[in-house]
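Participant: Just need the structure, nothing else, for what follows:
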Amino acid sequence: MAWTDYAWEILTALLGAGILGLTWEIYRTRRDEAEARAREAESTYFQLYDELAGRYLEFLALCAEEPMAHANLNQEDVADLPPALLARRTILYEFLFAVLERAYIYRSRSPALHQTGWPEWDSYLRAYLRRPSFRREVEGWMDAEGGLGMNPAFERYVASVLADEDQRS
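Facilitator: I've put the predicted structure just below:
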């Protein structure tokens, strides 16, 4: 065997190792990038979920400070409240509605929140819309000039939920 044959075999082996090494490096880089994206998505999910949960807990704390407004889902829905308590309940409902809107918007920012967290928030929205006092407020906001002044997609979603609730009752 001539020295050129040995050189050719060595060159072929080196090229093969280089291609294999390059292929492995590309695979490893893509895998690391995918893992980093997954960690970032999970982190985003927990940040968004914690923010929403914190805002809802804040709503519950406000309800506890003003129990006579009967804004909490676990309280009886009272229609004949004094004007001052009606005003406070309206403010509490506006706060809650803003939290529900934020949950709706965040569901598109996090696939995990859309799959695991949004159904819970949707249940809260539907449960509150079954309360006559909350429903009256929401319908009043929607009938007002300019609508709710919130996210148009959320407004359309609320309108569809109201229609669904009408069909169920």
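
Participant: check contacts around residue 133.
Facilitator: 70, 77, 78, 79, 89, 93 (Cβ atoms under 8 Å, 6 or more residues apart in numbering). Quick note: C-beta positions are derived from backbone N, CA and C, even for glycine.

Participant: distance of it from residue 72?
Facilitator: 11 Å (Cβ to Cβ, to the nearest Å).

Participant: and what of residue 165?
Facilitator: 20 Å.

Participant: Quick check: closest non-adjacent residue to residue 64.
Facilitator: Among residues not flanking residue 64 along the chain, residue 72 sits closest, at 7.9 Å (Cβ to Cβ, 6 or more residues apart in numbering).

Participant: Next, count neighbours for the one you found.
Facilitator: 18 (other Cβ atoms under 10 Å).

Participant: Can I get the buried part of the contacts of residue 133 as one ChimeraX selection?
Facilitator: Buried residues among the contacts of residue 133 (16 or more other Cβ atoms under 10 Å), as a ChimeraX selection:
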select :70,89,93
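
Participant: of the contacts of residue 133, closest to residue 36?
Facilitator: Closest approach between those and residue 36, by Cβ to Cβ: residue 93, at 41.2 Å.

Participant: Excluding residues flanking it in the chain, which one is nearest that closest one?
Facilitator: residue 137 (4.9 Å).

Participant: and what of residue 89?
Facilitator: Here the residue nearest residue 89, using Cβ to Cβ, 6+ apart, is residue 69, at 4.0 Å.

Participant: Please enumerate the helices of the protein.
Facilitator: Ranges of helices in the chain, per DSSP state H, are 3-65, 83-107, 111-112, 118-129, 132-143, 152-168.

Participant: Could you dump the ones you listed into TSV with mean pLDDT added?
Facilitator: Output for those, formatted as TSV (pLDDT from 0 to 100):
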stretch	mean pLDDT
helix 3-65	74
helix 83-107	91
helix 111-112	72
helix 118-129	91
helix 132-143	89
helix 152-168	89
